[in-house]
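>>> structure for this input, please:
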Amino acid sequence: MLRELGLHGMATAFQEPDAQSEARGLEYGEWLAMLLEREATMRRQKRFEARARAAKLRHDAQIENADFRAARGLDRNLFMALAGCDCIRKHHSLLITGPAGVGKSWLACALGHKACREDFSVAYPRLFATLALARGDGRYGRILKQLAKTDLLILDDWGPEKLNDDQRRDGLEIIEDRYERRSTIVTSQLPLDRWYEIIASPTLADAILDGLVHNAYRIDLTGESMRKQRSPRASETAQA
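As a prediction, the model looks like this:
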C-alpha cells in the first residue's frame, strides 16, 4: 500500500531488517517519524538528481573538493558563503574572471551543483547557439521564458569573440528578465573592464553590464593554469 501511494522511501525503510529491529525499542510516534524521515530523504535525493540532470553542468564538481591551496586568489570565506546559496535567495549574481585553466568553470559548476542540492533550478546552456537554433524551429519564446524562470543561470566562458546584433539583443533581454529576480553566474577570461569590447555596442553594453554588475559578487582569479601544475603528476601516473 505504501508503494501504491507513492511512499517508496517509507516502504523501503519498513522492509529493512535493521529498521524492524530498531522499531521494537521505539514508541509508535518515533517509529513513524523514522519512516517519514526516510521518505523525505529519498524525495530530496530524487529532486536533486532531476535538477542535476536538467542543469547539464559541464563538470561533476562539489564544493567540498574546492582547492584553496592553489595560488590563484580564491577567497575561502567568500566562496563558502556563496555555497550557502543565500546569494540565490537574494537574487544576487556572481562574476568570475581569470586566465584560462585557473578553475573558473569548475567553481561555477560546484556552485551550480550545490544549488541543485538546495532545490534550486539551474541551467548551464550553450546560450547563444541554443537561441540561434530556437529562432528557426519556433522554440525561441519558450526558451526565453524557461531561462527567465531558472533560479541560477550559468553563462560560462563569456567572450572573447564580440557579440553580433542578435546576441546583444538576446543578452539584454535575458539580463533584464533576471535583474533582481534571479541569479546569474558569468565566467570570463577577460577582466570586467574589457566586457564592453565583447558587447561592442556602448548603449547595450551599459544596459547589460548594469544589470549584471549591480549587487554582484566578484571572484578575480590569477596565476598559472592549474592544468599545467597537474600535468607532471598526470604523466607520472600514466607512466606508472
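
>>> let me see the ranges of the strands in this protein.
Assigned by DSSP state E, the strands in the chain fall at 94-97, 122-123, 152-155, 183-188, 217-220.

>>> by contact count, what packs against the longest helix along the chain?
Ordering each helix of the chain by length in residues (DSSP state H) puts helix 28-55 first. Contacts defined by 3 or more Cβ pairs under 8 Å, 6 or more residues apart in numbering; DSSP states H and E place helix 28-55 against helix 8-15, helix 17-23, helix 104-117, strand 122-123. C-beta here means a position set from N, CA and C on the backbone, and glycine is covered the same way.

>>> now do the first one against helix 28-55, angle only.
Relative orientation of helix 8-15 versus helix 28-55 (axes from the mean of the first three to the mean of the last three Cα atoms, to 10 degrees): 130 degrees.

>>> my read: Y140 touches L131, true?
Yes - with contact defined as Cβ atoms under 8 Å, Y140 reaches L131; the gap is 6.5 Å.

>>> contacts for stretch 205-215?
Applying Cβ atoms under 8 Å, 6 or more residues apart in numbering, the contact partners of stretch 205-215 are 91-93, 95, 168, 171-172, 175-176, 178-180, 184, 186, 192, 195-196, 199.

>>> number of residues surrounding I185?
28 (other Cβ atoms under 10 Å).

>>> list the residues that contact the residue lying closest to T150 once chain neighbours are set aside.
Of all residues not flanking T150 in the chain, A123 sits nearest, at 4.5 Å (Cβ to Cβ, 6 or more residues apart in numbering). Going by Cβ under 8 Å, 6+ apart, A123 touches A54, A55, K56, Q146, L147, T150, L152, L153, I154.

>>> burial measure for A71, as a count.
With other Cβ under 10 Å as criterion, A71 counts 11.

>>> with adjacent residues omitted, what lies nearest to it?
A71 sits nearest to G223 (Cβ to Cβ, 6+ apart), 5.2 Å away.

>>> would you mind measuring from the one you found to R69?
For G223, the distance to R69 (Cβ to Cβ, to the nearest Å) stands at 12 Å.
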